[in-house]
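Chemist: Return a 3D structure for these sequence lines:
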Amino acid sequence: MTAIEHTENPSRKTFAFYWSFKDAIRDMPDADKLAVYEAITDFAFFGVDPNGLSPVGRLAWKLIRPQLEASIRRYDACRNNGLKGAEYGKNGGAPKGNQNARKQPQRITPGDNPKNNPKNNPLNHNDNANVNVNEKGVIGGDVATKRRAFVAPSLEMVKDYFLTIDGSDTDAECFYDHFTANGWRTGKNPIKDWKAAARNWMRRKSEFNTTTQKQTNYEARKTNFL
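Modeler: Numbering: from 1, shown residues only. Predicted structure coming up:
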C-alpha cells in the first residue's frame with residue numbers, strides 16, 4: 001500500500017481516533033499495523049479507500065471504516081454548523097424563522113422579586129428540619145460527604161438533554177465528541193456538571209467550533225503514528 005504524499009492539501013483538518021481502532025490492530029505485525037494506520041488517516045483526511053492491505057489488515061479495516069465514516073459525518077456537520085453560527089453572528093443574530101429568534105425575554109414581575117415578596121425568598125423557607133448547616137459544610141456536627149464522582153453521560157443521554165435546550169442531534173454529537181476527546185474537561189479542570197457545560201455550549205457553539213478547529217490544526221499534521 002502506498003501512502004498519500006503529506007504535502008497534499010487534506011479535505012478536512014482533524015478526525016476522531018477511537019480506542020477501538022488501536023485495539024483492533026495492536027496485536028498485528030508492525031508492517032500491517034502501519035498500513036492500517038495509513039489507511040485510517042488517508043481515508044479521514046483525503047477520503048481515499050486503501051488498497052494493498054494484507055488479509056488481516058482488510059479484516060481490521062472492515063471493523064474500523066463504519067465508525068470512522070460516522071465520525072467524519074459528525075465532524076463535517078459540526079464544522080458547517082459552526083460556520084453558519086458565525087455568519088448569523090455577523091448578520092446580527094439568528095435568521096427570521098429560527099426558533100432561537102422567536103425566543104421571548106423572560107418577564108419578571110415585582111412580586112417575583114424576593115425583596116418585594118418574602119414568600120419567594122428561599123432564605124425565608126422553613127421546613128422545620130432539625131439539620132444545622134454551617135459555612136464549612138458541617139451537617140449535624142459531621143463533615144458533609146464529598147461530591148459524587150463525575151460519570152460521563154452516554155451519547156443518547158446527551159441527545160435527550162439537548163432536546164430540552166433547543167439543541168439538535170448534531171449539536172449533541174458535536175458536544176459529545178468534543179468532550180469525549182479531551183477527557184471531559186474545561187481547560188485544565190474536570191467537568192463537574194455536564195448539563196451546565198451543554199447549556200454553555202449552546203450559548204457559545206460557534207465559538208467552540210472555531211476554537212476546536214484552531215487547536216487541532218497542528219495535530220492534523222501528525223499523520224505518521226509509528
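Chemist: Can you tell me how far Val56 is from Asp76?
Modeler: 30 Å (C-beta to C-beta, to the nearest Å). Quick note: C-beta positions are derived from backbone N, CA and C, even for glycine.
Chemist: ugh, wrong one, Asp32
Modeler: Distance from Asp32 to Asp76, by C-beta to C-beta: 29 Å.
Chemist: who's more crowded, the two?
Modeler: Between Asp32 and Asp76, Asp32 has the larger neighbour count (other C-beta atoms under 10 Å), namely 19 against 13.
Chemist: what residues are up against the more buried one?
Modeler: By C-beta atoms under 8 Å, 6 or more residues apart in numbering, Asp32 lies in contact with 25, 53-54, 56-57.
Chemist: In TSV, list these along with neighbour count.
Modeler: Shown next, in TSV, are the contacts of Asp32 (neighbours: other C-beta atoms under 10 Å):
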residue	neighbour count
Ile25	22
Leu53	17
Ser54	15
Val56	16
Gly57	22
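Chemist: tell me which of those residues is nearest to Arg148?
Modeler: For those, the minimum distance to Arg148 (C-beta to C-beta) is 36.7 Å, reached by Ile25.
Chemist: That closest one is in contact with Leu34, isn't it?
Modeler: No. Using C-beta atoms under 8 Å, Ile25 is not in contact with Leu34, being 9.4 Å away.
Chemist: which of the residues in the helix or strand where Asp177 lies are buried?
Modeler: According to DSSP states H and E, Asp177 maps onto helix 169-181. Neighbour-count burial for helix 169-181 flags 170-179 (criterion: 16 or more other C-beta atoms under 10 Å).
Chemist: ditto for stretch 189-199
Modeler: For stretch 189-199, by 16+ other C-beta under 10 Å, it's 191, 194, 197-199.
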